[in-house]
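[1] here are the coordinates; sequence isn't available:
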């Protein structure tokens, strides 16, 4: 593929009528027009090629973003593989500027796809400040496309290609530890964002200062990763989702946003100080608690939650069984004296065998703390199905949050279909059915009615309650 090494002479309209046309954008020099086009999206800039012969190739000199998104189409369906490849090849063959702001590819690839090598070579020669390669609609870990290793970079003369990099985002791309560390070292003074998702080859990540601009770090669904060690004072936001690993973020003094999911969540939930050190200054915290077996303390006496003295926003996503109490989360709220907003989304099953896989303790009413929280103003509950544990939890929140301004109860979820399937699947097994000790709504409409009845019984004057 010709990556634009030969400068093309742009065709100009020499029609004598040009001299008679009124003053306008066509009177501007090419440099100004190219600067304007560089602020447009790639597709918008390409469209200007039909305006006249002078405009035909102006877009090829832009320095903005080369963004190729197979999923962002007017029809709402992804581009065909053939059509997408032809589009990318066409643009990279014509594009002349040796520097660009961003190179972005979002495209479903289920195999090694070595044709991507040419795209990456062309892109890296232009030294983009933002580089994104997303090869899956979902972060699926598999042996697919392998990113260049250091010898291959040297072979193509790309050793210095990352010097200006501000953002690197890879999804469903295998990249080795050595390569990540090389890139980080190459752009340590400029890198602001690093995201590695669903990389089969990533095993151990270590990032240390000086990295004065790194603010956002995300490591998700990397199947073979064993450890993450981050000591970067400028880091503001960290996201990790995956299996339990050796994690250290103790030297990140400016960290105030943390999002965790998977096997590490329960360990962090009950021992955050082990990962963050003595001083916990987080302002935003999100937990994803999926079904996993054998991960949490079973006895209430073993619960020793860390205190989040600065936390203002707490968001929980959890899987459970419909009869299990949610009052544990009031204990978590108590550890956050400055909390202003609490959101929780709960997904359910009827299968008693899954109770052992729920990642939060079953706290009963007698064990739940009794307290008043003066800063909690907004509460959101998503996944309401009208079961007793839902109502018990919401009523307790109304009592606790004495300054509550808004409560949102959301019934929009797919759990009604899942629960109906579970009921059919388990209906012939009497001992399982007998273990389902509570009722629940069979539809969204029924859930909304149950929520309205619950709120009406409390005779609430404040706060505002929104049921959807």
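    That came through fine. As the structure is a computational prediction, the values presented were derived from the model and not from experiment. Numbers count the residues shown, from 1 in each chain.
[2] what's the next secondary structure element after the helix or strand of the chain with the lowest mean pLDDT?
    Across the helices and strands of the chain, mean pLDDT, DSSP states H and E gives its lowest value to helix 430-433, namely a mean of 55. For helix 430-433, the following helix or strand on the C-terminal side (DSSP states H and E) is helix 444-457.
[3] can you count the residues close to residue 310?
    By other C-beta atoms under 10 Å, 16 other residues sit near residue 310. (Glycine included, C-beta is placed from N, CA and C.)
[4] mind listing what it touches?
    The neighbours of residue 310, taking C-beta atoms under 8 Å, 6 or more residues apart in numbering as the test, are 256, 280, 281, 282, 283, 338.
[5] Can you pull the phi and psi angles for the residue nearest to the fifth one when sequence neighbours are not counted?
    Nearest residue to residue 283, sequence neighbours excluded (C-beta to C-beta, 6 or more residues apart in numbering): residue 256, at 4.2 Å. Torsion angles at residue 256 (phi, psi; degrees, to the nearest 10) stand at phi -130, psi 0.
[6] Please tell me how far residue 256 sits from residue 262.
    22 Å (C-beta to C-beta, to the nearest Å).
[7] Equivalent analysis for residue 82, please.
    From residue 82 to residue 262 the distance is 37 Å (C-beta to C-beta).
[8] just for this structure, where's the confidence low?
    1-23, 112, 138-143, 277-280, 294-303, 414, 427-437 (pLDDT under 70).
[9] Could you rerun that using 50?
    For the chain, the stretches with pLDDT under 50 are 6-23, 297-302.
[10] how about the helices in the stretch 301-450 of the chain?
    Ranges of helices within the stretch 301-450 of the chain are 328-334, 388-400, 415-426, 430-433, 444-457, based on DSSP state H, counting those that start in this stretch.
[11] Any idea which of these gets closest to residue 114?
    helix 415-426 (41.0 Å; C-beta to C-beta).
[12] Packing partners of that closest one?
    Other elements packing on helix 415-426 under the criterion 3 or more C-beta pairs under 8 Å, 6 or more residues apart in numbering; DSSP states H and E are strand 341-349.
[13] same thing but 6 Å
    Of the remaining helices and strands, none touches helix 415-426 by 3 or more C-beta pairs under 6 Å, 6 or more residues apart in numbering; DSSP states H and E.
[14] Which positions in that helix come out as buried?
    Counting neighbours by 16 or more other C-beta atoms under 10 Å, one finds that the buried residues in helix 415-426 are 415, 416, 419, 422, 426.
[15] I'd like to know how far the residue nearest to the third one when sequence neighbours are not counted sits from residue 96.
    When you say that, I think you mean residue 419. Spatially, and ignoring its direct neighbours in sequence, residue 419 is nearest to residue 350 (5.8 Å; C-beta to C-beta, 6+ apart). Going from residue 350 to residue 96 by C-beta to C-beta gives 62 Å.
[16] Looking at the two, which is more packed in?
    residue 350 (21 against 17).
[17] Am I right that that one is in contact with residue 422?
    Yes. With contact defined as C-beta atoms under 6 Å, residue 350 counts as touching residue 422 (3.9 Å).
[18] Pull up the overlap in contacts between the two.
    Shared contacts of residue 350 and residue 422, defined by C-beta atoms under 6 Å, 6 or more residues apart in numbering, are absent.
[19] residues in contact with residue 409?
    Counting by C-beta under 6 Å, 6+ apart, residue 409 makes contact with 381, 384, 451, 467.
[20] Revised request: answer the last question for residue 267.
    Going by C-beta under 6 Å, 6+ apart, residue 267 touches residue 244.
[21] hang on, the earlier thing: what's the most buried one of the helices of the stretch 301-450 of the chain?
    Neighbour counts (mean count of other C-beta atoms under 10 Å) averaged over each of these peak at helix 328-334, with a mean of 20.
[22] Need the residues that contact that helix.
    Contacting residues not belonging to helix 328-334 are listed as 360, 361, 363, 368, 369, 371, 396 [C-beta under 6 Å, 6+ apart].
[23] Neighbour-wise, which one of those residues leads?
    In terms of neighbours by other C-beta under 10 Å, those top out with residue 360 at 27 neighbours.
[24] Please report the distance of the residue nearest to it when sequence neighbours are not counted from residue 308.
    Counting by C-beta to C-beta, 6+ apart, residue 328 is the residue found nearest to residue 360 once chain neighbours are left out, at 4.9 Å. From residue 328 across to residue 308, the span is 15 Å (C-beta to C-beta).
[25] Quick check: buried residues in stretch 50-60?
    For stretch 50-60, the buried set under the neighbour-count rule, 16+ other C-beta under 10 Å, comprises 54, 55, 56, 57, 58, 59, 60.
[26] For residue 47, state which of those is nearest.
    So of the buried residues of stretch 50-60, ranked by how close each gets to residue 47 (C-beta to C-beta), first place is residue 59, at 8.4 Å.
[27] coming back round to it: can you list the helices of the stretch 301-450 of the chain in TSV and add distance to residue 201?
    What follows is the helices of the stretch 301-450 of the chain, written out as TSV (distance: least, C-beta to C-beta, whole Å):
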stretch	distance to residue 201
helix 328-334	36
helix 388-400	43
helix 415-426	35
helix 430-433	43
helix 444-457	44
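[28] and which of the buried residues of helix 415-426 is nearest residue 88?
    Comparing the buried residues of helix 415-426 against residue 88 with C-beta to C-beta picks out residue 415 as the nearest, at 40.7 Å.
[29] Just list the residues touching that closest one, thanks.
    By C-beta under 6 Å, 6+ apart, the contact list for residue 415 reads 348, 385.
[30] circling back to that earlier point, of the contacts of helix 328-334, which pair is most distant in space?
    Across the contacts of helix 328-334, the longest distance by C-beta to C-beta is 19.0 Å; it joins 360 and 371.
[31] Redo the contacts of residue 409 as CSV? Include distance to residue 271.
    What follows is the contacts of residue 409, written out as CSV (distance: C-beta to C-beta, whole Å):
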residue, distance to residue 271
381, 27
384, 31
451, 35
467, 37
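[32] So which of those residues belong to strands?
    For those, membership in strands holds for 381, 467, with DSSP state E as the criterion.
[33] that older thread, of the buried residues of stretch 50-60, which pair is most distant in space?
    So, those by C-beta to C-beta: farthest apart are 54 and 60, at 12.9 Å.
[34] shared neighbours, the two?
    The contact sets of residue 54 and residue 60 do not overlap (C-beta under 6 Å, 6+ apart).
[35] Pull up the gap between residue 339 and residue 373, please.
    Between residue 339 and residue 373 the distance is 7 Å, computed by C-beta to C-beta.
[36] Oh, that last question was meant for residue 465, not what I typed.
    Here residue 465 is placed at a distance of 18 Å from residue 373 (C-beta to C-beta).
[37] and what of residue 199?
    41 Å.
[38] Those two: who's more crowded?
    The residue with more neighbours, out of residue 199 and residue 373, is residue 199; 28 against 22, by other C-beta under 10 Å.
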